[in-house]
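Participant: For reference, the sequence and a predicted model appear below.
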Amino acid sequence: MPPTAARRPKLPLPAAVALAVVLTLAGGGPALVAVGRAAHASQATPATGLDDPRKKDIAMRLLSSAENSSLDWRAQFAYIEDIKDSCGYTGGIIGFCSGTGDMLGVVELYTRRSPGNPLEPFLPALRKVKGSTSHAGLGPPFEEAWRRAARDPEFQQAQEDERDRLYFDPAVRIAKSDGLRALGQFAYFDAIVMHGPGVGAGSFRGLRATTLARARTPAEGGDERTYLRTFFDVRTQAMRAKHPHHDTSRVDTEQRVFLDEGNLDLEPPLRWRTHGDAYRIEE
C-alpha cells in the first residue's frame with residue numbers, strides 16, 4: 001500500500017460526483033463514472049476500528065498474551081497478585097493496581113451497583129494504600145474476596161466498564177483523531193494500559209507527545225507506518241529506561257510484526273510472540 005502522504009486527498013462523495021458530471025460533459029465518458037463509483041465504494045466500506053466488537057475482542061486477546069501469557073482474557077477477572085512492580089496488587093482483565101488507584105475505582109463502581117459485595121469491606125484499606133505498595137488491611141482475605149467476586153457478572157462488568165472509561169475509549173478516541181487504523185489504536189491502548197494515562201515522559205500522553213515531535217500523524221499528512229515505527233521506538237526506549245532489562249516483546253515481536261506485514265487493520269490471521277511464547281488468532 002503506498003504511503004498515505006503520497007495519495008491524492010479523497011473528495012467527499014458529493015464533490016466526487018460533481019467532478020464526474022463535469023468531466024463527463026467534457027468527454028470523460030465511462031472512466032469518470034468509475035471514478036464516482038470508486039469514491040462511493042471507499043466511503044461505503046471504511047476500515048473497521050478497534051471499537052468494533054470483533055476487533056475489541058482481538059485487542060483483548062493480544063493484550064492478554066502480554067499481560068497474562070494467555071489469549072483467554074475472560075479468565076483473568078479473578079487474577080490477583082503482587083508482581084513486585086511497585087504498584088501493590090495487580091488484578092483483573094487489564095491489571096488494575098491498588099497502588100495506582102484504578103483497582104479502587106473498580107471496587108467502588110462494583111459497590112455502587114451491588115452493595116454488600118465481598119469486596120466492599122476492603123474499600124477503606126484500598127483508599128489508604130492508594131499511592132503505595134502497601135498491603136495493609138488487604139492480604140490473603142482480600143485476595144480471596146477478589147476471586148469470589150470475580151464469579152459475579154456485576155463485578156466482571158465493573159472491570160470492563162472501568163477498562164473502557166480509563167483506557168480503551170480514550171486510547172481509541174485519540175488514535176482516531178491521529179488518523180490511525182486498528183493497529184495504531186491497539187498500540188495506543190496497549191501503551192495506556194502499561195504506562196498509565198498521565199502526561200509525564202514515561203506515561204502514554206508523554207510518549208505520544210515525544211512521538212509527535214519526531215513524526216507527523218496520518219491526520220497531519222504523515223505516513224502511518226513511519227509514525228507507528230517512531231511511536232514504537234519511543235515506547236521501547238521508555239520501557240528500557242524504567243527497567244533496563246525489560247522485555248519489550250509486546251512491541252518488538254508483536255506490534256512491529258503486524259506493522260512489517262502491512263496489517264494496519266489487524267485482520268486475522270495474526271501470528272506473533274510475547275515473552276518468547278508463540279500465539280495465533282485465526283478469526
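Facilitator: Noted; the coordinates are in hand. Residues are numbered from 1 along each chain as shown.
Participant: Low-confidence stretches in this protein?
Facilitator: 1-46, 244-245 (pLDDT under 70).
Participant: what does the domain assignment say about it?
Facilitator: Recorded structural domains for the chain (assignment: automatic domain parsing) are 4-44, 48-76+156-283, 78-149.
Participant: what are the ranges of the helices in this structure?
Facilitator: 13-25, 30-44, 53-67, 102-113, 123-129, 139-149, 153-163, 169-177, 182-195, 204-212, 224-242, 249-250, 256-260 (DSSP state H).
Participant: Out of these, which gets nearest to Ala78?
Facilitator: For Ala78, the closest of the helices of the chain is helix 139-149, at 4.7 Å, according to Cβ to Cβ. Bear in mind the C-beta positions are built from the backbone N, C-alpha and C, glycine included.
Participant: Okay, buried residues for that closest one please.
Facilitator: When burial is assessed from 16 or more other Cβ atoms under 10 Å, helix 139-149 yields the following buried residues: Phe142, Glu143, Ala145, Trp146, Ala149.
Participant: Equivalent analysis for stretch 172-186, please.
Facilitator: 172, 174-176, 178-186.
Participant: quick one: it to chain centroid distance?
Facilitator: Put simply, stretch 172-186 sits 9 Å off its chain's centre (Cα atoms, centre = their mean, to the nearest Å).
Participant: From the buried residues of helix 139-149, pick the one nearest Phe204.
Facilitator: Trp146 (26.0 Å).
Participant: Show the contacting residues for the closest one.
Facilitator: When contacts are counted by Cβ atoms under 8 Å, 6 or more residues apart in numbering, Trp146 touches Ala78, Ile80, Gly91, Leu119.
Participant: Identify the farthest-apart pair in the residues you listed.
Facilitator: The most widely separated members of the contacts of Trp146, counting by Cβ to Cβ, are Ala78 and Leu119 (12.3 Å).
Participant: of the two, who's got more company?
Facilitator: Using other Cβ atoms under 10 Å, the more surrounded residue of Ala78 and Leu119 is Leu119, with 23 against 17.
Participant: is it true that that one touches Arg113?
Facilitator: No: using Cβ atoms under 8 Å, Leu119 is not in contact with Arg113; the gap is 11.9 Å.
Participant: which ones are touching the most centrally placed residue in the chain?
Facilitator: The residue lying closest to the centre of the chain (Cα atoms, centre = their mean) is Phe189, at 1.9 Å. By Cβ under 8 Å, 6+ apart, the residues touching Phe189 are Leu50, Ala59, Leu63, Tyr167, Phe168, Ala171, Val172, Ala175.
Participant: Contacts only, for the nearest residue to Asn263 once chain neighbours are set aside.
Facilitator: In space, and not counting its chain neighbours, Asn263 is closest to Leu183: 6.6 Å by Cβ to Cβ, 6 or more residues apart in numbering. When contacts are counted by Cβ under 8 Å, 6+ apart, Leu183 touches Leu228, Gln255, Phe258, Leu259, Asn263, Leu264, Asp265, Leu266.
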